[in-house]
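Student: Build the 3D model from these lines:
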Amino acid sequence: MHQSLRPFSLVPSGFVVVSAIHNATNTTITVRASKESAACPSCGTVSRRVHSRYHRRVGDLPLSGRSVELLVIARRFRCDAVLCGRQIFVERFASDSLASSARRTGRLDCIVHHLGLALGGRPAADFARRLMLPVSNDTLLRVVRRRAHVPSEPLNVIGIDDWAWRRNHRYGTIVCDLERRRPVKLLPDREPATAIAWLEGHQEITIVARDRGGGYGEAVTRALPQATQVADRWHLMENASRAFLDAVRKTMRQIRTAIGATRINPELLTAAERLQYEGYQRREEVNTAILALAKDKVPIKEIVRRLGHSRQLVRRVTRGERQDIFRTRQSSLDRHLPWLDAQWSSGCRNSADLWRRLKGQGFRGSLRVVTEWATRRRRAERADAENLQRIPSARTIARLMTIGRNNLSKAETVTITAIETGVPCLVEAREMIAEFQAMVRNKTDTDLAKWIEAARPSLVASFANGVAKDEAAVRAAITLPWSNGQTEGQITKLKLVKRQMYGRAKIDLLQARLIGVPA
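Tutor: Numbering: from 1, shown residues only. Okay, the predicted model is just below:
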């Protein structure tokens, strides 16, 4: 059923439209209260005796692309109560429509508040001007501060971490409610005394998720001795990976020695790489036999008769034309290979650029064909013996030793095999780290004590000692579902809000914008 649009539906509830003036820039609507009486704010006596009237100018939501101003006819009433000390009072309106002494209606103030939360001061003021809501940046920030919501729900599970006011100079602390997934408090620094003072006022907290630094752990131990501390799982995994990287750096001298005498173990190669390597070995044996006979001045015809290979193969070997590692296959690139080799030698290694140039010479193949050729060429160069003598960085070695064997190229497999053969203590450290990370992923802490004892004599002893000092929190991180990932996400949001205000926001404004309105 359709209802006709009435003038009072355009203004906040509780008002009646008296008149309206509509011009090119703005709209002025004169309104009055719909009730004939009002209650005294002091004694609550209802009065109908009007003393006088005056006008209030109030901003409201825009209408048809024009700013709207309400001209409110406010009445003064006489209080008839004998014992009331207030003889004359001004009528009050509903707080959600028009608060006492307000210059904006409640619905406009709500929009202003959300603009301030989302954009801050000056950006929100510029955007509000485009929405025909004239409001200054100071007013926006003042509304955000005034309407800041302080969560009052009891806290059971929290996450606590630090954030940078100014990196490497000044830090603050953020506290998040992990059950409701929202921040509840910002502290001005990360000193243990500040955290202790706030935690002592919330004795209902039972679980605290934190990073692996000692400051917050000490604060929780002193303020909430009954609470369960949970180490952050991401930091545990990251610290374990960094411990293995440190172990690689400690053994770089042995790694250089091991890589200097590289030997291939076919058992450590993937199935595809093993087939390639066996084919390469067969070709090398054939090449060696042919070259040995050619060195003894044996004719090509006799070499073919003795070894059973084709004349073409023997001729290619004696001429030095068969020295590839990967067996090449026939393709549409064959007649362009001399040109491609010349371009590759001159430094043009971009397959897309080579393909575009080839198209200008009449090549009709796809980009994939050229890309595969370039990939094979790069792998062939990486598998070159001279390339294997280059020592990769510690970070590269740590990455290659911890990723799947099927994801390694032949040159990388040969390098890692040499390292594993020459530096067995590094293999032991890798197994220790893999065992710890498996416990975290599988959420089983039964073997944690055994792992600590086994890891202490290894290259990751410092990491094992750190886990032993914080064993209770590490066990809780492995077994409990709570972690500090939510807190890290709120820190990312906090950084965004702080940068929107060019880093000059005070902590009360940051907290008001970060926490926002109640759910």
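
Student: List the buried residues for stretch 301-321?
Tutor: Buried residues in stretch 301-321, counting neighbours by 16 or more other C-beta atoms under 10 Å, are found at Ile303, Val304, Leu313, Val314, Val317, Thr318. C-beta here means a position set from N, CA and C on the backbone, and glycine is covered the same way.

Student: Inside strands: which ones of those?
Tutor: Judged by DSSP state E, these include no members of strands.

Student: residue contacts, Gly440?
Tutor: Just so we're on the same page, residue 440 is Val rather than Gly. Shown in contact with Val440 (C-beta atoms under 8 Å, 6 or more residues apart in numbering): Arg233, Leu236, Met237, Ala477, Ile478.

Student: Most neighbours among the residues you listed, which one?
Tutor: Neighbour counts for the contacts of Val440, by other C-beta atoms under 10 Å, peak at Ala477, which reaches 26 neighbours.

Student: And that residue, how far from Asn239?
Tutor: Distance, Ala477 to Asn239, using C-beta to C-beta, to the nearest Å: 12 Å.

Student: part of a strand, is Arg364?
Tutor: No - counting by DSSP: H, G, I helix; E, B strand; the rest coil, one finds Arg364 to be coil, located in no strand.

Student: Find the residue closest to it in space, skipping its chain neighbours.
Tutor: Spatially, and ignoring its direct neighbours in sequence, Arg364 is nearest to Ser332 (7.3 Å; C-beta to C-beta, 6 or more residues apart in numbering).

Student: Quick check, pLDDT for the one you found.
Tutor: Among the per-residue scores, Ser332 shows a pLDDT of 72.

Student: Can you tell me what sits against stretch 430-438?
Tutor: Residues contacting stretch 430-438 (C-beta under 8 Å, 6+ apart): 237, 240-241, 243-244, 401-402, 447, 451, 454-455, 458, 460, 464, 467.

Student: how does it look with 10 Å?
Tutor: With contact meaning C-beta atoms under 10 Å, 6 or more residues apart in numbering, stretch 430-438 is reached by 236-237, 239-245, 247-248, 398, 401-402, 420, 444, 447-448, 450-452, 454-456, 458-461, 463-464, 467, 474, 478.

Student: Tell me where the model's unsure across the stretch 1-150 of the chain.
Tutor: Applying pLDDT under 70 to the stretch 1-150 of the chain flags residues 1-5, 8.

Student: how about the strands in it?
Tutor: With strands called from DSSP state E, counting those that start in this stretch, the stretch 1-150 of the chain shows them at 15-22, 26-33, 38-39, 46-47, 50-63, 66-78, 88-90.

Student: Now tabulate these in CSV and tack on distance to Pro154 and mean neighbour count.
Tutor: CSV is the format used below for these (distance: least, C-beta to C-beta, whole Å; neighbours: other C-beta atoms under 10 Å):
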stretch, distance to Pro154, mean neighbour count
strand 15-22, 41, 14
strand 26-33, 41, 19
strand 38-39, 36, 19
strand 46-47, 41, 15
strand 50-63, 38, 15
strand 66-78, 42, 18
strand 88-90, 40, 17
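
Student: wait, isn't Ala418 in contact with Leu400?
Tutor: No - assessed by C-beta atoms under 10 Å, Ala418 is found out of contact with Leu400, at 11.5 Å.

Student: Compare these two (neighbour count), which wins?
Tutor: The residue with more neighbours, out of Ala418 and Leu400, is Ala418; 21 against 18, by other C-beta under 10 Å.

Student: how far away is the more buried one from Met439?
Tutor: For Ala418 relative to Met439 (C-beta to C-beta), the value is 30 Å.

Student: any weak-confidence spans in the stretch 351-500 of the chain?
Tutor: Using pLDDT under 70, the stretch 351-500 of the chain drops low at 376, 379-391.

Student: Please enumerate the helices of it.
Tutor: 351-360, 367-382, 385-388, 394-402, 410-422, 424-442, 448-455, 461-469, 471-479, 485-500 (DSSP state H, counting those that start in this stretch).

Student: Minimum distance to Leu108: which of these has it?
Tutor: In terms of C-beta to C-beta, the element of the helices of the stretch 351-500 of the chain nearest to Leu108 is helix 485-500, at 22.8 Å.

Student: Packing partners of the next helix or strand after the closest one?
Tutor: Following helix 485-500 in sequence order, the next helix or strand is helix 507-515 (DSSP states H and E). Helix 507-515 sits against helix 106-119, helix 137-146, strand 157-166, strand 170-177, strand 182-187, helix 485-500, with contacts defined as 3 or more C-beta pairs under 10 Å, 6 or more residues apart in numbering; DSSP states H and E.

Student: right, so of these, which gets closest to Gly365?
Tutor: helix 485-500 (46.6 Å).

Student: What residues sit buried inside that closest one?
Tutor: Residues Gln486, Thr487, Glu488, Gln490, Ile491, Leu494, Val497, Lys498, Gln500 are the ones in helix 485-500 that count as buried (16+ other C-beta under 10 Å).

Student: shared neighbours of Ala477 and Asn239, anything?
Tutor: In contact with both Ala477 and Asn239: Arg212, Ala231, Asp232, using C-beta under 10 Å, 6+ apart.

Student: Specify which member of those residues is nearest to Arg129.
Tutor: Asp232 (44.1 Å).

Student: For the nearest residue to Ser34 once chain neighbours are set aside, give me its contacts.
Tutor: Excluding its sequence neighbours, the residue lying closest to Ser34 (C-beta to C-beta, 6+ apart) is Val16, at 4.9 Å. Applying C-beta under 10 Å, 6+ apart, we find Val16 in contact with Pro7, Phe8, Thr30, Val31, Arg32, Ala33, Ser34, Lys35, Ile73.

Student: With Ala294 instead?
Tutor: Ile300, Ile303, Val314, Val317, Thr318, Arg319 are the contacts of Ala294 under C-beta under 10 Å, 6+ apart.

Student: now stretch 177-190, how far from the centre of its chain.
Tutor: A distance of 18 Å separates the centroid of the chain from that of stretch 177-190, by C-alpha atoms, centre = their mean, to the nearest Å.

Student: Sorry, wrong one. I was asking about stretch 77-96.
Tutor: 57 Å.

Student: Just the terminal-to-terminal distance for it.
Tutor: Taking C-alpha to C-alpha, to the nearest Å, stretch 77-96 runs 22 Å from one end to the other.

Student: which of the residues in that stretch are buried?
Tutor: So for stretch 77-96, counting by 16+ other C-beta under 10 Å, buried means Phe77, Cys79, Phe89, Val90, Glu91, Phe93.

Student: before we move on, what about stretch 451-462?
Tutor: Trp451, Ile452, Ala455, Ser458, Leu459, Val460, Ala461.

Student: Next, give me the two most distant ones among the contacts of Ala294.
Tutor: Greatest spatial distance among the contacts of Ala294 (C-beta to C-beta): Ile303 and Arg319, at 13.1 Å.

Student: quick revisit: out of the contacts of Ala294, which one has the lowest pLDDT?
Tutor: Least confident entry in the contacts of Ala294, by pLDDT: Arg319, with 66.

Student: Dump the buried residues of helix 485-500 to JSON lines, plus distance to Asp177.
Tutor: Putting the buried residues of helix 485-500 into JSON lines (distance: C-beta to C-beta, whole Å) gives the following:
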{"residue": "Gln486", "distance to Asp177": "9"}
{"residue": "Thr487", "distance to Asp177": "10"}
{"residue": "Glu488", "distance to Asp177": "15"}
{"residue": "Gln490", "distance to Asp177": "10"}
{"residue": "Ile491", "distance to Asp177": "15"}
{"residue": "Leu494", "distance to Asp177": "15"}
{"residue": "Val497", "distance to Asp177": "18"}
{"residue": "Lys498", "distance to Asp177": "21"}
{"residue": "Gln500", "distance to Asp177": "24"}
